[in-house]
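Visitor: Here's my sequence, what's the structure:
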Amino acid sequence: MAENEVVCIQCGQPIGDPPRLNLLAEEEPCPACAERLLESLPGIFHTPYESPTEAPVDTGSGYEGSGYEPSDPGVDPA
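Guide: Residues are numbered from 1 along each chain as shown. Reported below is the predicted structural model:
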């Protein structure tokens, strides 16, 4: 192992570039390596991500300007 090589804190094996899935002694995948590998893959959705702090905030009542007015719950439509 190279002196400056970055290793996984859980399994102790090299992380690699690109990340790879390392196995534990029991031949099970290392959970930390699996998570790192999944985070390195491109997303399956092709829309840009908006964090909750960047998402637009709806300040309207929901009906204003839509041309739709809810029926008065006290009036029987029949």
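
Visitor: contacting residues around the closest residue to Ser40 other than its chain neighbours?
Guide: In space, and not counting its chain neighbours, Ser40 is closest to Pro19: 4.8 Å by C-beta to C-beta, 6 or more residues apart in numbering. Just so you know, the C-beta spots here come from the backbone N, C-alpha and C atoms, and that holds for glycine as well. The contact partners of Pro19, by C-beta atoms under 8 Å, 6 or more residues apart in numbering, come to 33, 36-37, 40.

Visitor: Apply 10 Å and report the result again.
Guide: 8, 33-41 (C-beta atoms under 10 Å, 6 or more residues apart in numbering).

Visitor: mind listing which of those residues are in helices?
Guide: 33-40 (DSSP state H).

Visitor: Mark which of the residues you listed are buried, thanks.
Guide: Neighbour counting by 16 or more other C-beta atoms under 10 Å classes 33, 36-37 among these as buried.

Visitor: for this protein, what spans make up the strands?
Guide: Counting by DSSP state E, the chain has no strands at all.

Visitor: so where is it shaky, pLDDT-wise?
Guide: Residue ranges of the chain with pLDDT under 70: 1-2, 46-78.

Visitor: Burial check on Pro31, number of neighbours?
Guide: 12 (other C-beta atoms under 10 Å).

Visitor: Right, I'll leave it there.
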